[in-house]
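S.K.: The following comprises the amino acid sequence and a computationally predicted model.
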Amino acid sequence: MAQDFESVGKKNISNTQTIAGATTIVTSDSDDAIIGINAANTGSSQILVSVLITDSSNDAANTFFIVKDAPVPVGSSLQIIDGGSKIVLQSGDVLKAYADTASSCDVFTSIVDSIST
């Protein structure tokens, strides 16, 4: 069975955790595996980056941080998932990313889509 590799990129992410402001990946009809998340500092000072998953209930009690307020120096990037690690998103889960400084971070995520149907 062939794998369906996908990617989602977002430039200049927001400094809010809302779906409208953050980089989001929403799974709707299958389980997906996140195989990489890269956050690059495009600003002129150090930033703090957070990545989290909210399950389909979108309730704060069901929010789980992958990384919270991780420092990313000027001109650097942070590999949030690497070394063969994977995170599974189930149908309805939402992946979000935001930085403490608006328009200072680009995020690129690689996923395997539809690992089960």
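M.R.: Thanks, I have it. Numbering: from 1, shown residues only.
S.K.: right, and residue 31 touches residue 91 too?
M.R.: Yes - here residue 31 lies in contact with residue 91, judged by CB atoms under 8 Å, at a distance of 6.5 Å. Just so you know, the C-beta spots here come from the backbone N, C-alpha and C atoms, and that holds for glycine as well.
S.K.: so where is the protein shaky, pLDDT-wise?
M.R.: 1-2, 17-29, 56-60, 114-117 (pLDDT under 70).
S.K.: Strands of the chain, start to end?
M.R.: 4-10, 23-26, 31-41, 47-54, 63-72, 77-81, 87-89, 94-99, 105-116 (DSSP state E).
S.K.: and the first one, what other elements does it pack with?
M.R.: If I follow you right, that is strand 4-10. Judged by 3 or more CB pairs under 8 Å, 6 or more residues apart in numbering; DSSP states H and E, strand 4-10 is in contact with strand 23-26, strand 105-116.
S.K.: in that strand, what counts as buried?
M.R.: residue 10 (16 or more other CB atoms under 10 Å).
S.K.: Tell me which strands it pairs with, and in which orientation.
M.R.: Paired neighbours of strand 4-10 in the sheet (DSSP bridges): strand 105-116 (antiparallel).
S.K.: so the partner strand versus strand 94-99, what angle?
M.R.: Interaxial angle of strand 105-116 relative to strand 94-99 (axes from the mean of the first three to the mean of the last three CA atoms, to 10 degrees): 170 degrees.
S.K.: what does strand 105-116 contact?
M.R.: Identification of contacts with strand 105-116 by CB atoms under 8 Å, 6 or more residues apart in numbering yields 3-13, 23, 25, 29-43, 47, 49, 51, 72, 88-89, 95, 97, 99.
S.K.: Now which of the residues you listed would you call buried?
M.R.: Going by neighbour count (16+ other CB under 10 Å), those have 10, 13, 23, 25, 31-35, 37-43, 47, 49, 51, 72, 89, 95, 97, 99 buried.
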